[in-house]
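1. Here's a sequence, model it:
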Amino acid sequence: MIFDRRGRVRSSEQLEHRQLFPQAGWVEHDAAEIWRNTRRVVAAALASADLTHNDIAACGITNQRETTLIWDRETGEPIHPAIVWQDTRTNDLCAELAGSAGTDRYRDRTGLPLSTYFAGPKVRWLLDHVDGARRRAEAGELCFGTMDSWLVWNMTGGRDGGLHVTDVTNASRTMLMDLRTLEWDEEICAEMGVPTALLPQIRSSSEIYGRLREHGSLPGVPLGGILGDQQAATFGQACLDPGEAKNTYGTGNFLLLNTGTSPVFSDHGLLTTVCYRIGEQPARYALEGSIAVTGSLIHWLRDNLGLFTHTAEVEALAKTVEDNGGAYFVPAFSGLFAPRWRPDARGVIVGLTRFVNKGHLARAALEATAFQTREVIEAMQADSGVALSTLKVDGGMVVNELLMQFQADVLDVPVVRPVVSETTALGAAYAAGLAVGYWESEDEIRANWAEDKRWTPHMSAEKRAGLYAGWTRAVDHSLDLA
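-> Model (predicted):
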């Protein structure tokens, strides 16, 4: 995506890459395919706007955060497909690492519970299961990275001097970084069995890391921003002051609340994470509620059940019925994330009768996203003591009017969508632009934010309470199934 000074989209190109499911609970990506697609969409975005690299002030990168890759420094070849954040193969390893200390063993330093979600255990799994990987890692022959590190390494030269770096937001999702020092925690790395020689250098979210390779589409363009996707969306939504929050509706849902320059630790199942760091300024922190399956549930209805051909058709199908017909869909395909953290949960549909049809299932799938969001918001309000007055939303699912209205109804607060709903890419652009002076300050980012549409709640309190009680009962049925 190419943005101008006012934060407007000048050009956009996208390609869907394959989701690989080698066995139940495993999710992988082909990192080489992602790098090929990146080169293609960059060239296409420039061409469709009739721009050249000379028109680009800076490049920023945003990425799905915990997806884990190890590659060979010499050849640039991944040693194994990337293990995606949703993957649950490290469940037994996480239980082993927790031991008698429990899942909060590292929470006071990392802000995270031991979970299959995070990158550290995935690195350990790769070192344990790929022949020769541990020996080569200890010898400094391999690189670990989340997808930002993989793209930066390739975009800045790869085997010919590519940079092996990450930013504080992505590093904070590995379970290997100390939240306060913003450095790799050598004790945790040792206990988790991850050699530090494998790890990228941790940098801020907005600085000039280097310039892009000469034989690509953006030769010499400064690389100035790296932000994990949810932190990037928070930045793009101009949630730059403590107490401001956004919710991104993507593959999963991610609600972030800016808590300022001190980490706030949760008593209600939320994550403490780095929100962003601009240059040498102090890092900003956030509380985050992560929901594993929202948009990917709609893909599941499309790909696994064949209920429709295109994901956009789910809204029309859901509108063929007036309500969920008594059916609830709990999409615990990878267990339940915040605020419950139940890896033993699995997906269930409850309340089925002969009356229920595919329209009810489509509606129940959309409603599941809204119910899960309410659970996270209630946890966040309990931790922060701040009552939500409006919810800023972004991401691919916010074009779904039925979902947005139901979200406002089930929360009993207005839901607000900005003019630029792809705020994840916009946040990465802002970080890069600030690094090179394209934008002078965060005030310009605040000034660029504009409201597109607002949904206000219309549901009665009695109906809201009844639906939510039904959801809570449905979730109970999903537990202890794995």
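
2. Would you mind giving the domain segments of this protein?
-> As assigned by the TED database, the chain contains the domains 2-203, 238-481.

3. could these be laid out in TSV, adding mean pLDDT and mean neighbour count?
-> All C-beta spots, glycine's among them, are computed from the backbone N, C-alpha and C. Shown next, in TSV, are the domains of the chain (pLDDT from 0 to 100; neighbours: other CB atoms under 10 Å):
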stretch	mean pLDDT	mean neighbour count
domain 2-203	95	19
domain 238-481	93	19
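
4. Make a markdown table from the ones you listed and add distance to residue 209 to it.
-> Below are the domains of the chain laid out as a markdown table (distance: least, CB to CB, whole Å):
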| stretch | distance to residue 209 |
| --- | --- |
| domain 2-203 | 6 |
| domain 238-481 | 9 |
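
5. Looking at the ones you listed, which is nearest to residue 221?
-> Closest to residue 221 of the domains of the chain, according to CB to CB: domain 2-203, at 5.1 Å.

6. Okay, now the closest one: how far is its last residue from its first?
-> End-to-end distance of domain 2-203: 24 Å, with CA to CA, to the nearest Å as the criterion.

7. And for stretch 52-64?
-> By CA to CA, the extent of stretch 52-64 from end to end equals 27 Å.

8. The helix or strand harbouring residue 108: what's the following helix or strand?
-> Residue 108 belongs to helix 107-110 when assigned by DSSP states H and E. Downstream of helix 107-110, the next assigned helix or strand under DSSP H and E is helix 119-129.

9. Show me what that following helix is packed against.
-> Contacts defined by 3 or more CB pairs under 8 Å, 6 or more residues apart in numbering; DSSP states H and E place helix 119-129 against strand 69-72, strand 82-83, helix 91-98, helix 133-138, helix 186-192.

10. Format these as a markdown table; extra columns: distance to residue 346.
-> Compiled in a markdown table, the helices and strands packed on helix 119-129 are given as follows (distance: least, CB to CB, whole Å):
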| stretch | distance to residue 346 |
| --- | --- |
| strand 69-72 | 27 |
| strand 82-83 | 20 |
| helix 91-98 | 12 |
| helix 133-138 | 30 |
| helix 186-192 | 27 |
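
11. Quick one: closest of the ones you listed to residue 22.
-> Residue 22 sits nearest to strand 82-83 of all these, at 10.5 Å, using CB to CB.

12. residue contacts, the residue sitting furthest away from the middle of the chain?
-> Centroid-distance maximum for the chain: residue 354 at 37.6 Å, with CA atoms, centre = their mean. Contacts of residue 354 were listed using CB atoms under 8 Å, 6 or more residues apart in numbering, and none were found.

13. ok so it is a helix residue?
-> No - checked against DSSP: H, G, I helix; E, B strand; the rest coil, residue 354 lies outside a helix; its state is coil.

14. Residue 381 is in contact with residue 388, correct?
-> Yes - using CB atoms under 8 Å, residue 388 is in contact with residue 381, at 6.3 Å.

15. and for these two, which residues touch both?
-> With CB under 8 Å, 6+ apart, residue 388 and residue 381 have no common neighbours.

16. follow-up on the earlier one: tell me how far the residue farthest from the centre of the chain lies from residue 336.
-> 29 Å (CB to CB, to the nearest Å).

17. same thing with residue 282?
-> 34 Å.

18. ranges for the strands of the stretch 251-400 of the chain?
-> 253-260, 271-276, 284-291, 328-330, 348-350, 391-394 (DSSP state E, counting those that start in this stretch).

19. And the fourth one, what does it pack against?
-> In this case it means strand 328-330. Looks like strand 328-330 contacts strand 348-350, helix 358-384, helix 461-478 (3+ CB pairs under 8 Å, 6+ apart).

20. For residue 396, find the nearest of these.
-> Nearest to residue 396, of all the helices and strands packed on strand 328-330, is helix 358-384, at 11.7 Å by CB to CB.

21. which helices and strands does that closest one pack with?
-> Helix 358-384 is packed against strand 245-249, strand 253-260, strand 284-291, helix 295-303, helix 314-318, strand 328-330, helix 401-411, helix 461-478, with contacts defined by 3+ CB pairs under 8 Å, 6+ apart.

22. Arrange those in CSV, one row each, with distance to residue 233 as further columns.
-> Shown next, in CSV, are those (distance: least, CB to CB, whole Å):
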stretch, distance to residue 233
strand 245-249, 5
strand 253-260, 8
strand 284-291, 11
helix 295-303, 14
helix 314-318, 22
strand 328-330, 25
helix 401-411, 16
helix 461-478, 25
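
23. wait, which of those is closest to residue 454?
-> The closest of the helices and strands packed on helix 358-384 to residue 454 is helix 401-411. By CB to CB, the value is 8.6 Å.

24. quick one: strands adjacent to the helix or strand that that closest one is followed by?
-> Later in the chain than helix 401-411, the nearest helix or strand by DSSP H and E is strand 415-418. Using DSSP bridges, strand 415-418 pairs in its sheet with strand 391-394 (parallel), strand 451-455 (antiparallel).

25. how about those in CSV, adding distance to residue 7?
-> Shown next, in CSV, are the strands paired with strand 415-418 (distance: least, CB to CB, whole Å):
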stretch, distance to residue 7
strand 391-394, 13
strand 451-455, 13
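
26. of all those strands, which lies closest to residue 21?
-> Of the strands paired with strand 415-418, nearest to residue 21 by CB to CB is strand 391-394, at 27.5 Å.

27. Just the residues contacting that closest one, thanks.
-> 233, 236-237, 239, 244-249, 377, 404, 407-408, 411, 413-418, 421-424.

28. repeat that for 7 Å
-> 233, 237, 239, 245-249, 404, 411, 413, 415-418, 421, 423 (CB atoms under 7 Å, 6 or more residues apart in numbering).

29. My guess is residue 332 contacts residue 344. True?
-> No - under the criterion of CB atoms under 7 Å, residue 332 is not in contact with residue 344, lying 9.0 Å apart.

30. Tell me who's in contact with residue 222.
-> So residue 222 contacts 58, 208, 211, 436 (CB under 7 Å, 6+ apart).

31. Next, give me the two most distant ones among those.
-> Among these, 211 and 436 lie farthest apart (CB to CB), at 11.1 Å.
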